[in-house]
Every structure is written in C-alpha cells, then in structure tokens.
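Engineer: need a 3D model of the following:
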Amino acid sequence: MKIHQIVPSIYPNDAIGNEVMLMRDLLREWGYESDIFAIDIHPSVRARPYREYENESSPQNILIYHFAIGSEISQFIKTLPDKKLMIYHNITPSHFFCGINDNIMLTLKKGREELKSLSQEFDLALADSEYNRIELERAGYDKSCVLPLLIDFSKYTTFNQDLLDEFSDDWVNIIFVGRIVPNKKHEDIIKAFYYYKCINPKSRLFLPGGYDNNEPYFQALQSLVQRLNVSDVHFLGKVPFDDLVSYYMLSDVFLCMSEHEGFNVPIVESMYFGIPIIAYNSSAIPYTLGNAGILVNKKDYCKLAELMDIIASDVKLKERLIHVQRERFKEFELGKTSIKFRQIINTLINGIDGAISD
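Structural biologist: Residues are numbered from 1 along each chain as shown. Reported below is the predicted structural model:
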C-alpha cells in the first residue's frame, strides 16, 4: 500500500509544511511508499507536481489532503479512486480581510465553499483541534476526529548565540509569534504593551512573523506605534529557525490576542520553552491551551499590563504556570501524536465502522 500526501503549497519552517514532511518521514519509517504532491513547491523541498499523482492513483492507496485554503486540488481529488483522508487546518474567516486585502478575502470565501463541497469525498476527516473538528461536523463531515498537529521538538535545540548575547539583560521581553495579518490582532498586543511599558520601561516586545511592507494592516500597525510613541517594539519579519528559538529563549511572557486560530503552534512552543502564556479566549485557543496558561475573556489593556507585570515579577506564580503548561505540553509530544496518527492510518486501512471518537 502507498500513502501519499497532497497539499496546495509546501514550504519549510511552515507549520503545515513541517507536518507534511514529518508525516512523510514517519510513513516511510513504517514501511509505506510515501511522497508529497503540491502546486507550489519550495526549491528545498523534495515534492512532485500534483498532476503527477494521476499516474500514482489507485483504490489501494491512501491519499491525505491537507486543507487550509481553496485550490484547484479540491476538484482534482474528486476524480480519484483512492481512500481519502482530509486533515483540516482551518480557514481564516474572510471578514478579517474585508477592506484590507480583497484578493485574500475572496480566496478564503472560496475555500470555505470548497470545504462544504468536499464533505462526501473523504473516508475520514481529521482536525488538529476540537474547534476545527466542530467546523468539519457543521460542514457535513460525518466521520471526524482530532489529531493534534505533529511537531518534532527535537529540532528546537539550535539557537543564535549573538541574539542571546544582545538581549540577555535585566529587561522583560514580551513575545508573540505569528504572521502579521488582521486576525492575529497585533494592534491589541501593542496597546497592552504600551501600558506595560509605563509600568516597566525596561521591556521589549518581540514580534517575529512575516509581513508585507505594503499591506494596509502592517502600515496601520506602524502608525499605531508612532501615535502611541512606544519604543522597543520589534517587528522582526520571518526569522530563521535558529533566531526564532533564540527569541523564545529570551522571552518572559507570551501574549496572544488573536481572534482566530485553528490550532496555534506558538502556544505549544511557548509551553516547550517554559514561557508563561496569556491568551485571548477565542477560536481554537482554549482547546490548545487546555487548563494551562491564563485565558482572558476581555481585552482590557491596563489589566493585561498589570497581569504581565505580576507574572514577570512573581517568581512562584511564574513557576506554577510553567509547571502546568509543561504538563499540558505532554499531549503534544511527538511520541504521543505519532502513535495516534499510526492508529488512524491502521483504522483507515482496516475499514471504518461508524464515526471515530477520541
């Protein structure tokens, strides 16, 4: 039996791309022939143009489709006789981009329409959070279960010593990791940091995450920083992996004000690095955070600043938070998630009798 994966785009150091490559490596380790097929392929990734899959397709194969955006692949796979497994990574609601980027808005709308149109095409659908699984259910998928995103934390050991030397001091470092897009709500992070900066002038805000200088949203954030006259806000762009590890190692608090997430890898990364988490209660965040970290229901910037100050200064509280987060992190360790992935593959091979539950 062959078990292949198909995805619109495949890039390294991208949450979905990393999972696709990790799944391929695991499937090969388990004795299956396994390749990646995609439309947009980064030069560093070994993958094949998706149309080549026509020559591989077979009722004896399992084809895994990673779905996070609309693409021509959705129509393509409808014609294939393989056993089909969807992994749903969620699609950002289009309203976040209204008046900011109409092209992205239309693409996101199309993606959600495609999600519904595919509901009868798959033998099983996986979601990397319960929040995503509920969306699948509402879209008409009657066989679904949760498989947390597969992450290989053995790779999080390299770092940039120069960055550590530059920022290792008595300052408090606040971090949020994520692309600079409207649903991530960087403006709320900046406003909370503005008030925290009044409490503790010796503080920085690290914002690693890709952005487009010409995007209205990024320009609005720049204007906000200037209007508030707040210093030490670092828009870092898409940083090399070693740099990302270093920024995590340097940070004292992870602050997430995002209003839409399908999973949120940086929350799990913060658990791994022992960074206390404050996160806004939205979308998949409470499912990923579990009983760890601090979940807030209201964006009161003054209170958020006070909360960050308490966490940064109260050693015992910080240690308790980190302890609970590390217990929660065990649910995302590769040893556990890979076992579940293999069980799902075996279930699909042997046939599914009714819906799969956790």
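
Engineer: and the longest strand along the chain, what does it pack onto?
Structural biologist: Longest strand of the chain, by residue count under DSSP state E: strand 3-10. Applying 3 or more Cβ pairs under 8 Å, 6 or more residues apart in numbering; DSSP states H and E, one finds that strand 3-10 contacts helix 15-29, strand 36-41, strand 62-67, helix 73-78. For glycine as for every other residue, the C-beta is placed from the backbone atoms N, C-alpha and C.

Engineer: need the contact partners of the last one.
Structural biologist: Meaning helix 73-78. Applying Cβ atoms under 8 Å, 6 or more residues apart in numbering, the contact partners of helix 73-78 are 6-8, 39, 50-51, 53, 63, 65, 67, 84, 114, 117-118, 121.

Engineer: cool, and the third one?
Structural biologist: Defining contact as Cβ under 8 Å, 6+ apart, one finds that strand 62-67 is touched by 1-7, 16, 19-20, 23, 53, 57, 73-74, 77, 80, 82-89, 111, 114-115, 118, 122, 345, 348-349.

Engineer: ok, now stretch 21-35?
Structural biologist: With Cβ under 8 Å, 6+ apart as the contact definition, stretch 21-35 has outside contacts at 1-5, 10, 12, 36, 45, 47-48, 56, 64, 150-152, 334, 338, 341-342, 345.

Engineer: please spell out the ChimeraX selection for the buried subset of these.
Structural biologist: The buried residues among those can be selected in ChimeraX (16 or more other Cβ atoms under 10 Å) with this line:
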select :2,3,4,5,10,36,45,47,48,56,64,150,151,338,341,345
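
Engineer: helices of the stretch 101-250 of the chain, start to end?
Structural biologist: With helices called from DSSP state H, counting those that start in this stretch, the stretch 101-250 of the chain shows them at 102-117, 130-138, 161-167, 186-199, 216-228, 241-250.

Engineer: so for Glu261, which of those sits nearest?
Structural biologist: Counting by Cβ to Cβ, Glu261 lies closest to helix 130-138 out of these; the figure is 8.1 Å.

Engineer: beta-bridge partners for Ile174, please?
Structural biologist: Following DSSP bridges, Ile174 is listed with bridge partners Leu205, Val253.

Engineer: tell me which residues of stretch 182-190 are tucked away?
Structural biologist: If you call a residue buried by 16+ other Cβ under 10 Å, then stretch 182-190 has these buried ones: 182-186, 188-190.

Engineer: secondary structure class for Thr92?
Structural biologist: Using DSSP: H, G, I helix; E, B strand; the rest coil, the structure places Thr92 in coil.

Engineer: residue contacts, it?
Structural biologist: Taking Cβ under 8 Å, 6+ apart as the contact definition, Thr92 lies against 108, 181, 183, 260.

Engineer: okay, it: pLDDT?
Structural biologist: According to the prediction, Thr92 has pLDDT 96.

Engineer: and the pLDDT at the closest residue in space to Gln219 that isn't next to it in sequence?
Structural biologist: Using Cβ to Cβ, 6 or more residues apart in numbering and skipping residues adjacent in sequence, the residue nearest Gln219 is Asn213, 7.8 Å away. Confidence at Asn213, expressed as pLDDT, is 91.

Engineer: gap between stretch 259-277 and the chain center?
Structural biologist: Mean C-alpha position of stretch 259-277 versus that of the full chain (Cα atoms, centre = their mean, to the nearest Å) differs by 9 Å.

Engineer: pLDDT averaged over it - what is it?
Structural biologist: Mean pLDDT, computed over stretch 259-277, is 98.

Engineer: can I get the CA coordinates of that stretch in PDB?
Structural biologist: This file holds the C-alpha atoms of stretch 259-277, laid out as PDB (Å, rounded to 0.1, in the frame of the first residue of the first chain):
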ATOM      1  CA  GLU A 259      -9.300  36.300  17.400                       C
ATOM      2  CA  HIS A 260      -9.000  33.300  15.100                       C
ATOM      3  CA  GLU A 261      -6.700  30.300  15.300                       C
ATOM      4  CA  GLY A 262      -7.200  26.800  14.100                       C
ATOM      5  CA  PHE A 263      -4.500  25.400  16.400                       C
ATOM      6  CA  ASN A 264      -1.700  27.900  17.200                       C
ATOM      7  CA  VAL A 265       1.700  26.300  17.200                       C
ATOM      8  CA  PRO A 266       3.400  29.200  19.100                       C
ATOM      9  CA  ILE A 267       1.300  28.400  22.200                       C
ATOM     10  CA  VAL A 268       2.700  24.900  22.200                       C
ATOM     11  CA  GLU A 269       6.200  26.200  21.500                       C
ATOM     12  CA  SER A 270       5.800  28.500  24.500                       C
ATOM     13  CA  MET A 271       4.900  25.600  26.700                       C
ATOM     14  CA  TYR A 272       8.000  23.800  25.500                       C
ATOM     15  CA  PHE A 273      10.200  26.800  26.200                       C
ATOM     16  CA  GLY A 274       8.700  27.400  29.600                       C
ATOM     17  CA  ILE A 275       7.200  30.800  28.800                       C
ATOM     18  CA  PRO A 276       4.000  31.800  30.800                       C
ATOM     19  CA  ILE A 277       1.100  32.300  28.300                       C
END
